[in-house]
Each structure stands twice: as C-alpha cells, then as structure tokens.
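# After the sequence you'll find the predicted model.
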Amino acid sequence: MDFKREDIMNRVEIRAIATMLFLAGMSGAYGEEEVVCYESRKDASKVVQKEVEPGLPNVVCSPVTGAVLWWGDPYDGTEAMGEMPIEADYSTAEALVKPREEQLTLIQICGVACHNGVFPPVPKDKNPRKLTMHQDIVPDSMDLQHGRGAIWCLDCHHTTTRNKLVDNFGKEISFNQPQKLCGKCHGPVYRDWREGIHGKRIGEWATDGTKRWFVCTECHNPHDVQHGARNSGFAAIPPEAAPKLPKGMENADHERHHGSASGSAAGDGDAHE
Amino acid sequence: MGSMIKFLTDYLAYVFKGGIKFYAWLAFLGIFVLIWGYGNYQQFTQGMIVTGLTDQISWGLYLANFVFLVGVAAGAVTVVFPAYVYHYEPLHKVTVLGEMLAIAAVIMCILFVLSHMGRPDRLWHMIPVLGIYNFPNSMLTWDTMVLLGYMILNLIGGFYFLYKRYMNREINKKFYLTIIFIAIVWALSIHTITAFLINTMPARPMWHHGMMPIRFISTAFAAGPSLIILIFLIIRKNTRLWIEDDAINMLSQIVAWCLGIGLFLTMSEVVTELYHPTEHSQGLQYLMFGVHGLNNLVIWFWSSMAFMVTAFIMLLIPRVRKNYKLLPIACVLTFVGVWIDKGMGLLIPGSVPTPIGEFTQYSPTFIEIFNCIGNWAIGFIILTILLKGAIGVLLGDVKYAEAEAA
Amino acid sequence: MSKEKIPVVNLPQHNSPQKKEVISQESVQHYDPEPPASTSRRKFIKNVSGMSAASLLGTAALMTNSDDVNANTEWAEHFQGNYRLMTDAEKQETVERLERRYSREYEKDVTVATTDAEDGVLFGYALNIQKCIGCRRCAKACVEENNQSRGDEQEIEWIRVLKMEKGEFTPERMNDGYPGDFGIQVGGNAYHAAGVVLEGEHYYEPEEVPEADSFYMPIACMQCEKPPCVKVCPVRTTYREEDGPVVIDYNWCIGCRMCIGACPYWARRFNWGEPNLPKEDMNPDTHYLGNRPRMKGVVEKCTFCIQRTRQGRYPACVEVCPVGARKFGNLLDPKSEVRKILASKRVFRLKAEMNTYPKFFYYVD
C-alpha cells in the first residue's frame, strides 16, 4: 500500500463533490415539496411524482410506504433497451428501459473525479483487497456477499473504465444494461427474464406490446443479492397497511393462534408468542 | 262474482269485529311494525351497512329466519297429509287452518328475503319478460318459483274451501283434492329446494352434503306442527271452535318422531365430521366449541341441543305428550330449538371460516333484530286475520245466506 | 439519458383490428422519448369514441340545471335494462347518462368505456408464489385503479394477501399429542399447521416483509372458466365475458349475495353502504363492466382491470408488484408470458378440486 499525498487530496475532492451532489439533491427536494417514491427496490430507483397530462399523474405514491402504487405513464423517462445478445420475443422498439445511470449519482463523476486512469492505480489483478472507499456499498470488501467469495468487484466492474461494467471478453457494458452482465452467470434466470417470466414489466400485455422492462439492478442489490441469512434476492420492504378488520372484530389475535382447530388446546397459542 | 266480493267483505267484517283481547294483540304486534318501519327506512336509505353483516359473513339473521320459515310453511302439510292421505278425521276438519299458516309463513319468507336483498328496488329484474329469470341455472329462481307456487296453491285450496263453506255448497272433490295433493308434494319441494339453495355450493363445506334436504324437512316437520299445536290450543281456549284432542295428539306424535329423526341426523353429521375432522369441519367446530377463542355461537348450539333433546324426551312420554299443560312447553322448546338450529346454528357457521380461512364473528345489530321481529309481527298479524276469518267460516258465523238477510 | 430521437414502431391500440398492418416498415417513425401515443389511455379513448366530448357537453348542461338533470339521470337508471341485452344505441345512451352523472359528481371528465372483447384473446394470470413478499402493494394498487370504497366506514379491497407459516417441527412438541397408552396415535407436531390456506393470517403487520418464517399467498378472483358465482345469480347480472373475465352489471344486481356464498375464493365484495370514493382519488378512466363507481347494495369484484386490459395495458396489480411475481397475458397466444409459464413452470390452480377451472395460476420457479 503506497499512500501518497495526492491520494488524500483526491479523497477530499471526492467528499466535496459528493457533498455538492447531496446538497443539489436536497435543494430540489425542498424547493417544490416534490413527492418522491421508489419503484421496486427501496433506494434503487426514485421517481418524482408529476402530472403528465391534466389530471393524470405519472405515478401515484403510497402515503404509507412511499412506494409507487400506480403508473399513469408506464414509459415515463424510458428509452429503447437495444439489442440483446440472445434472441427473444421482442423488438427493440417495444422494449423500453429506464436508464439506470440517472439513478446512480457516483457514476456520473467517477470516471472524471477519481478513477481517471492515473489514480488510483489500475489494479494488477482481480484478487480481493481491502477497499478504502465505497464502504457504504460494500462494507467488507474481503467478504463480498455477491457470489460469497467466488467473485470480486472487477468481475463485474470494468478495470479501467469505472463508469462501465465488463463482459466476459473485457468489453464494456453500460450500467443501463446490467442484464448483459448478470446473464454471464445467471443463465436460467436471464432466459426467464428475456421471456418475461422473471422480473417485472409494465405497459402493454400483448406479446408485441410496448413494455418497460425492469432491469436486474432495479430489483436486486448487486453487491448483496442474497441478504445474508435471509437468503432472499429481494431486500425486505415495509408492507402496505393491513385491511380493516371486519365489523364485530376488535383484533386479529385469533389468527396467531395456529394449530389445532379441533378444539384441542395442545397447540393453541404457542406458535408465535 | 258478486258472491265472491260479498265473501271477502263478510270475511273481513267478521275479522275486525273483535274484543279488547284481539285488538290488544294487534296493537302489540303493531308496535313492532312501527319499529320495523323505522328500521327498514334506515336500511333502505343507508344500505345494509346498518346490519351486522360483513363480506366475511354476508348471510345472517334475515336469511336464517327465511330458511326457518320455509320450514314452518312446509310444516303446515303435517295437518293436510294425515287428513287427506290417511283420512284422519279429527285433522280433516281443521285442514284449512294449516293452509292459512302456510300462507302467512310464505309471506314472512318473502319479507325476510326482501330484508336480505341489497337492492329490493330492483326486484323487478327477476320478473320474466320484464327482467331476466336465470332459470333453470339459479337455485334461487327455483326457490322463488316453488315458494310463490306454494302460496298460490294454499290460497286457492284454503279459500276455495272456505268460500264453498261460506256458500254452503259441496266442494268439487276432483278440483279440490288435486290442489291438496299437489300442495302436499309441493310442500316437500319448498324445503328441499331451500336446502338445495345452500347445499349446492361446494364453496361452503359445512352445507355441502346430501343430508341437508332431509334434515331440513325433518326439523321443519317438528317446528311447523309445534307452532300449529300452540295455535290450536290457543284457538281452543279463545274461540268456540273445538279442536279435538286426537288432532293435537296426532300432531304431537309427528313432532316427536320428526324431532327424533332431526336429532339423529344432527348426530350423524357430527360424528361424520368430527371423527376425523378435516378443514371442512371447521365451521361445525366453530359452532360447537369455538375456534381460536372465537365462540359466539357455542352457547346457541348447546342451548338449541338442550331444548330439542328435552322436548324430544318430553314428547316421547305419552303422559307428558297428552298433558296439555306440559305439551306447550315441549312445543315452545322444539320451535325455539329448531329456530336456533337452522338459523344461528346453520346459516352463520356456514360462513365461518370464509372460503379462504378467515374467522370472524357476527352479531346482528338492533336494526336487524327489530326488522326481524317486525317481519314476524307482520306475519302474525296476517296469520291472525286469516285464522280468525277461517274460524268464523268453520263455525258458520260467516255465511252467505245470513249475509243476504242482513 | 439519450435525448436523441430513436426509431420506434408507434404501436397501435390493442383493440384496433388493423394492428398487424400497422406494424410495418412504413409505420416506423421518430418520436421523442415521451410517452408514445399508445400509453395514454385517456387520449385514446377521446380519439376513438368521442365520448369525452359528450360527457363535457353533459357537464356543461349540468352546470345550468344541475339538480334536475341529476335527479332525472338517476331516475332513468332505475329503468335501465340489462347491459348485455342493450342495443348499441341503448348502450351509448346509458353510458352517456352515466358519464354525465359521474362527471358532475366527481368534478372531472369521466369516461365510461364499453370496449368489447377482442377476438382471439382469453385473459390469463399467473402468480409466482415463490416470489411474493406479502407487501400488499397489489391490493392497494387495485384500489387506486378500480374506484373501490375506502375509509373507516367501508373499505373494500379485492385482493387479499395471506401470510402462511413456513412451519417448524421441534422435538419439544413430540409429546403434545394424545396419550400414547395404546401406541402413538397423534404426533405432537400435528397441531402446528404449516402452509395451510385455512390457517393463514390476513391482518399481519410486521415492520418489513418478507418475514423469514413466512410465505405469502395473494388471492383474488380467479376468473373461473366454470364460475359457480355466475350459475347461482338469479338475474344473470354476473357473467363471463368472451375474453374471460367474470363481470357484473352493477345496475342490474339485486344484491342477493348468492354469488358471494358460491365463490370458493372469497373474491366478491358487497357495497354494504354508499361507497365512499373521494373526488380527488377517483380514477376517471372507467369501463361499464369494470371500475366505474358503484352504488350501495351491489356486489363487485376483480375484472382483470377490464378498463385497462381491453385497452392493452397490464392490470394495475401486475404493474405494481415490486418483485414481478404477477404475470398477465393472452392464453391463446403461445408466445405470451402466461403461456410460457404454463409451458415451463410448475403450475397449480387454487382449490382445483372445485372444478372451477380458474384462469389464475399459481406457480413456482
């Protein structure tokens, strides 16, 4: 590890830029009292509520959870997905995606501000090492949760061009097209996603209808896909409110008394308490 | 034609010539009808939200009373059947009283169905030609048909008999007996189809068994004649019409046996369902013991059982059965026991749990209860009027000749 | 984001019969990455039917003589015939009358579509029960779309999500059964139902979902091919449409609730009181058989968002599902998402023993 002065300088610079970005975001939020909600994964894709037509909002947000509840315009802010390496039942015009790069604040500056090709030095190999930055994204780089030790950052991130991902041949993949990267390993899921069986699409139901395809990282956290012991591909989110209890019921405690319905007390009451 | 109008005016004139007791009785019922008016106004303007019903338990007290009263209507046949099939003379003389009860009971049924409906103002949608009558698919259309048919048969049969009596003419046996025999079979059909109404729904496993129609009929033939016995005893006490002991004894025997069969069927169901309880037994378990601490109906079920078993034992003993001080007790126990058994004991647990397993409880609101009492009160007013006139004709107080002379 | 214009097929609306023709070389055109024309259902409805214009005129008329017109409108509704037996002209008249009333009541330009089923379409639904996290966003999206009653007095949701226990077998419970004098007859763990629909929780409210010890099972109308609810309706107000959904003519329903009794999936709801639908929350894009505002005393249910799906859009619950567990499409199209699921996944129908033949399939990967 060869720490130099420039290194420290660089980090100071990054903080300054990050702060500016943060402030810019804040002023936007406070300026107009925007309603901001998230689409699928919390903190992964923000959408600002606005009117796309008189009386028609682009989205309706849940007052309880801040999640999108309804799309007035499913294609708001989308662009064509482009070609996929493998054939699927879609045409490029029908398949739309929302560019991920807009949601990733660091991506817009990382190639200029820090990873400028000179410093920090380009790693010699892909072996895991301790990161001095980005702990907010990967808390322990020596124990990367994605792949559980079998892969590391540079298996996905381009070694030299940091605002790009990388394919098996070392070519660049846009952050807007993470499926090309994820498909490298997750073949069956990638296939299901292409077919529309896995993942989320909104828009028109017809096979040749215009659809917005949600890409991998809109739902999955690529740095911690399985969420440790939960072993679930989707991060837990707060649920919407329970339905109202029907007339005549004061609480739903009886629901938690699982077990014998035959009147035997053997199993009653101790299932959850 | 003129004589028919005369018959009607004489009939009504006789009915409304009553003493204090008679008018006190009508006034008593009238109070409930007034409350009923208020309750119905509330329900009609605000909707069914004034009831205790929910999406979970959407069939409640109204339909429970409906099902029970179909039984009472059908039960009237227990007077007609021995009289005409077995030529049992003591009952033969008072057959028409049974028919009057049937008419009143069917009217009450209609009132309860109207109370149950969310949009009674759209009832015309069911009228063929004007609306759409989903026959033969919908069991409800069958039920509507058999109930209205039964009412018409009894109206024709009963009033044809009374009219001939009033005119002091012989009845046309061919015509009258045809009506009577059709009505006997028809009586079975009304309760059978009411049972089909609920047991043809696999979504509700508690109801979905082939025993339902016979259980309905057997309990109906217990509750119906118990009410008739009570009415006969009241008539004996308050009018000059003497109903023979043999008639009452025959009816109390019918009550005993039908109640016994009903209890046997209940037992069969309980054993079948609970020997190895399945998911489908949860309604019955909820009814009998409560589930997960929800036990609204348990008291109803066991009191109903206690009433019916007590009544059955009482009726089995000839000395008790023929003691007209004790007999009314047995009859009231039977009537109330069966009312609970078919109402709170059958209709409500059919909806608990919901088809996707939600347990909820139902308790009727005051408006609902008063609307029910009001429906009963209207039914009893009609019954009183029908019976009083019929008794007048039977006694010879209402006669054509006399009317002409006057 | 690229601001360049991109060549895009401007997709036609789905109920346009000339669809296949339109997707041709000539129709490729440039457009701003703004909403394509087909996205806006509202615009579409205006263009095709001109009903909005009618309702605007209606609203104008109502301004001058509001109370009378409203009263007359409601009065006329009382004598309205059964929707299926109406001629096109009668349908038009009925719908315009409704649009007038709704537009006035909700103070916005409400459209009531009468779009018919498209030939060669049979709607089907598939739900990945392995993916569902129980967040209930589908249930709320449905309310957002379908104008159900909301609030404390009367809350109606067409989708119910059940939380089911994953189940836990423990050695401690081995002796919870009946006394074993004559051999073990009942295992102690028997009393802990796991994964049983009838033991699900309906009112769970954890901080976050999914919970580690649970899985979730959303239930709504299955749009049965052999619907028991349709059979029991005495006035045929509820029936199966040609493209599959079981719908209700709310103006013909007599409120007898036979259908609620007959439904094995508890999919039907009743308007016990006058529905409470705040003006600002009202979705003005409606279909006669779908999400138009209901009245007290009638039954309602899921229609696969007929007002959306007949215009080509996915149902609201499909779009909102954060995990993509909900899939929807044309069962007659082998390339549709649902057909691909039927072909490649392990699929089951809820309560298959009922022989109701749902067009709603549950599946696991």
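Yep, that arrived.

# Which one of the residues in the stretch 251-365 of chain C is closest to chain B?
Nearest residue of the stretch 251-365 of chain C to chain B: C:Gly255, at 2.1 Å (Cβ to the nearest Cβ). In short, each C-beta sits where N, CA and C put it, glycine included.

# Number of residues surrounding residue 87?
If you meant another chain, say so; for now it's chain A. Counted by other Cβ atoms under 10 Å in any protein chain shown, the residues lying close to A:Glu87 total 8.

# Oops, wrong one, chain C.
Neighbour count of C:Thr87, defined by other Cβ under 10 Å: 9.

# phi, psi of A:Trp213?
phi -90, psi 130 (degrees, to the nearest 10).

# rewinding a little: would you mind giving the secondary structure of the residue of the stretch 251-365 of chain C closest to chain B?
coil (DSSP: H, G, I helix; E, B strand; the rest coil).

# Isn't it up against B:Gly118?
Yes: applying Cβ atoms under 8 Å, one finds C:Gly255 in contact with B:Gly118, separated by 2.1 Å.

# Give the residues shared as contacts by these two.
Common contact partners of C:Gly255 and B:Gly118 (Cβ atoms under 8 Å, 6 or more residues apart in numbering or on different chains): B:Met48, C:Phe270, C:Gly297, C:Val298, C:Val299.

# mind showing which ranges of the stretch 151-273 of chain A have poor pLDDT?
Within the stretch 151-273 of chain A, the stretches with pLDDT under 70 are A:257-273.

# picking up where we left off before, now the two most distant members of the shared contacts of C:Gly255 and B:Gly118.
B:Met48 and C:Val299 (11.4 Å; Cβ to Cβ).

# so where's the stretch 151-300 of chain B shaky on pLDDT?
Those would be none, if you go by pLDDT under 70 across the stretch 151-300 of chain B.

# Show me which residues of it sit near chain C.
B:Leu197, B:Ile198, B:Thr200, B:Met201, B:Pro202, B:Ala203, B:Arg204, B:Glu279, B:Gln282 (Cβ under 8 Å from any Cβ of the partner chain).

# which among those residues end up buried?
Buried subset of these (neighbour count, 16 or more other Cβ atoms under 10 Å in any protein chain shown): B:Leu197, B:Ile198, B:Thr200, B:Met201, B:Pro202, B:Ala203, B:Arg204, B:Gln282.

# What is the nearest of those residues to B:Cys109?
B:Leu197 (11.9 Å).

# Contacts only, for the closest one.
B:Leu197 is in contact with B:Met139, B:Leu140, B:Asp143, C:Met258, counting by Cβ under 8 Å, 6+ apart.

# would it count as being in a helix?
Yes: counting by three-state DSSP, B:Leu197 falls inside a helix.

# Distance of it relative to B:Thr266?
20 Å (Cβ to Cβ, to the nearest Å).

# low-scoring pLDDT stretches of the stretch 1-150 of chain A, where are they?
For the stretch 1-150 of chain A, residues meeting the criterion pLDDT under 70 lie at A:1-32, A:117.

# Repeat the analysis, applying 90 as the threshold.
Low-confidence segments of the stretch 1-150 of chain A, defined by pLDDT under 90: A:1-35, A:42-46, A:52-56, A:81-94, A:101-145, A:147-150.

# Chain C contacts on that one?
So the stretch 1-150 of chain A meets chain C at A:39-41, A:52-53, A:55-56, A:60, A:62, A:65, A:67-71, A:73-80, A:89, A:91, A:93-94, A:99, A:101-102 (Cβ under 8 Å from any Cβ).

# In strands, which of those residues fall?
Of the residues of the stretch 1-150 of chain A next to chain C, the ones assigned to strands by DSSP state E are A:Val52, A:Glu53, A:Leu56, A:Val60, A:Val68, A:Leu69, A:Trp70, A:Trp71, A:Glu79, A:Ala80.

# Give the closest residue to the fifth one in space, chain neighbours not counted.
Right, A:Val68. Leaving out its chain neighbours, the residue that sits closest to A:Val68 by Cβ to Cβ, 6 or more residues apart in numbering or on different chains is A:Val59, at 4.7 Å.

# Just give the number of residues close to the one you found.
Neighbour count of A:Val59, defined by other Cβ under 10 Å: 22.

# From the residues of the stretch 1-150 of chain A next to chain C, list just the buried residues.
By neighbour count, with 16+ other Cβ under 10 Å, the residues of the stretch 1-150 of chain A next to chain C hold A:39-41, A:52, A:56, A:60, A:62, A:65, A:67-71, A:73-80, A:93-94, A:99 as buried.
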